[in-house]
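Engineer: have a look; sequence and predicted model below, questions after that.
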Amino acid sequence: MQNPDLDLVPASPPRPVRIRALLLVALAICCGCFANAAAAQEDQPLPPGTYRLEMIMASTTRVPFFGTSKSASRSVSLVQIRGAGSDLTQSHKVCDFRVVDSGMIKMLFPEKFIAALANHTYPIQLEKEAQGWRYRADLGVERIGYRNNGTEDKLPVKVDDPEVFDWDGDGHPGATLKLSIPFLPNGELYIVQRGQSILTGRVVQPGRIEGNIGVRQFDQRVIGAWPGFLAKSPEIEPDPKESRFLLSQVAGDTTCEMLRASTTKS
């Protein structure tokens with residue numbers, strides 16, 4: 001005779017039902033992990049660490065007697081970003097600097113010029129907007145070929161001005177640039193220069209920023225040259241519309257030598 005109490009005991013759920021239940025639990029856990037990861041990326045769009053900064057600076061150069069030429073230079077810097085939240089600082093050291101696009105008149109940057117460029121440290125700003133995270137970095141004033149006397153409003157104009165010194169250690173006053181003009185031997189320009197650039201861009205993904213380069217200030221004067229007829233100062237006008245930058249995170253042990261090697265191959 002059948003025991004009526006047995007009818008009250010629920011049957012074990014079929015195996016497929018139990019598997020689906022486990023899958024749903026696992027999926028819920030994964031969704032939580034993905035949500036936490038997305039939230040972490042949202043809170044830290046520019047993680048502290050080592051970065052590669054590539055800047056393309058476009059300009060127009062006018063040289064007396066030789067006309068006008070458009071060109072672009074590319075610098076590659078090794079960057080360190082430190083801090084947390086909104087309290088971030090960025091420092092960079094230029095590893096490579098060269099002309100990548102030029103017309104008839106070409107400026108060349110000697111190795112001693114590149115080596116003399118200063119290390120810069122400055123605060124950076126990250127602001128969250130409807131379109132995403134906005135980045136801004138004022139690189140500060142760069143003085144090349146002369147010392148700041150504390151009251152400057154004009155660049156030095158002569159080799160023997162007290163502010164001028166052998167900035168790149170090549171035996172010539174100021175900083176030395178090479179000038180290439182068709183049908184003439186390469187010349188040398190001994191210059192003083194002052195400039196200030198501002199980077200503005202957006203975070204396209206965590207650890208990667210793309211944007212434009214604004215020029216707040218740029219002044220250059222030739223204080224000497226070889227041959228002497230090149231001593232007439234060229235007029236250089238930056239072109240912000242064609243100037244851009246890319247900041248991207250790299251391995252923590254990256255060196256300037258590694259960045260130069262990868263830049264040469266690209």
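Structural biologist: That came through fine.
Engineer: okay, and the residue nearest to Ala116 when sequence neighbours are not counted sits in which element?
Structural biologist: Spatial nearest neighbour of Ala116, chain neighbours left out: Asp168 (4.2 Å); criterion: CB to CB, 6 or more residues apart in numbering. The C-beta positions use only the backbone N, C-alpha and C, and glycine is treated the same way. Assigned by DSSP states H and E, Asp168 belongs to neither a helix nor a strand.
Engineer: likewise for Ser91?
Structural biologist: Using DSSP H and E, Ser91 falls in strand 87-101.
Engineer: and that strand, which residues are buried?
Structural biologist: Buried residues in strand 87-101, counted by 16 or more other CB atoms under 10 Å: Leu88, Gln90, His92, Val94, Cys95, Asp96, Phe97.
Engineer: ditto for stretch 132-144
Structural biologist: Within stretch 132-144, the residues that count as buried by 16+ other CB under 10 Å are Trp133, Arg134, Tyr135, Ala137, Asp138, Leu139, Glu142, Arg143, Ile144.
Engineer: from the rest of the structure, what touches it?
Structural biologist: Identification of contacts with stretch 132-144 by CB atoms under 8 Å, 6 or more residues apart in numbering yields 45-46, 90, 92, 116-118, 120, 122-128, 167, 174-175, 191-203, 209, 211, 216-217, 247.
Engineer: ok, the residue nearest to Ala116 - contacts?
Structural biologist: Here Asp168 is in contact with Pro110, Lys112, Phe113, Ala115, Ala116, Ala175, Thr176 (CB under 8 Å, 6+ apart).
Engineer: between the residues you listed, which sits nearest Ser262?
Structural biologist: Relative to Ser262, the closest of those is Ala115; by CB to CB it sits at 19.1 Å.
Engineer: burial of that closest one, as a residue count?
Structural biologist: 11 (other CB atoms under 10 Å).
Engineer: ok, the one 3 residues further on next?
Structural biologist: Ala118 is flanked by 12 other residues according to other CB under 10 Å.
Engineer: pull the distance from the helix or strand following the strand holding Ser91 to the chain's centre.
Structural biologist: Counting by DSSP H and E, the next helix or strand C-terminal to strand 87-101 is strand 106-108. Its chain's average C-alpha position is 21 Å from that of strand 106-108, according to CA atoms, centre = their mean, to the nearest Å.
Engineer: which elements pack onto strand 106-108?
Structural biologist: strand 67-84, strand 87-101, strand 175-180 (3 or more CB pairs under 8 Å, 6 or more residues apart in numbering; DSSP states H and E).
Engineer: take those strands and write them to JSON lines, including mean pLDDT.
Structural biologist: Listed next are the helices and strands packed on strand 106-108 as JSON lines, based on pLDDT from 0 to 100:
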{"stretch": "strand 67-84", "mean pLDDT": "89"}
{"stretch": "strand 87-101", "mean pLDDT": "91"}
{"stretch": "strand 175-180", "mean pLDDT": "91"}
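Engineer: just to revisit the earlier point, reformat the buried residues of stretch 132-144 as a markdown table; add secondary structure.
Structural biologist: Output for those, formatted as a markdown table (DSSP: H, G, I helix; E, B strand; the rest coil):
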| residue | secondary structure |
| --- | --- |
| Trp133 | strand |
| Arg134 | strand |
| Tyr135 | strand |
| Ala137 | strand |
| Asp138 | strand |
| Leu139 | strand |
| Glu142 | strand |
| Arg143 | strand |
| Ile144 | strand |
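Engineer: let me know the closest of these to Glu163.
Structural biologist: Looking across these and measuring by CB to CB, the closest to Glu163 is Arg143, at 9.1 Å.
Engineer: tell me where the protein has helices.
Structural biologist: Secondary structure of the chain (DSSP state H): helices located at 15-43, 111-116, 256-265.
Engineer: buried set for stretch 178-191?
Structural biologist: Under 16+ other CB under 10 Å, the buried positions of stretch 178-191 are Leu179, Ile181, Gly187, Glu188, Leu189, Tyr190, Ile191.
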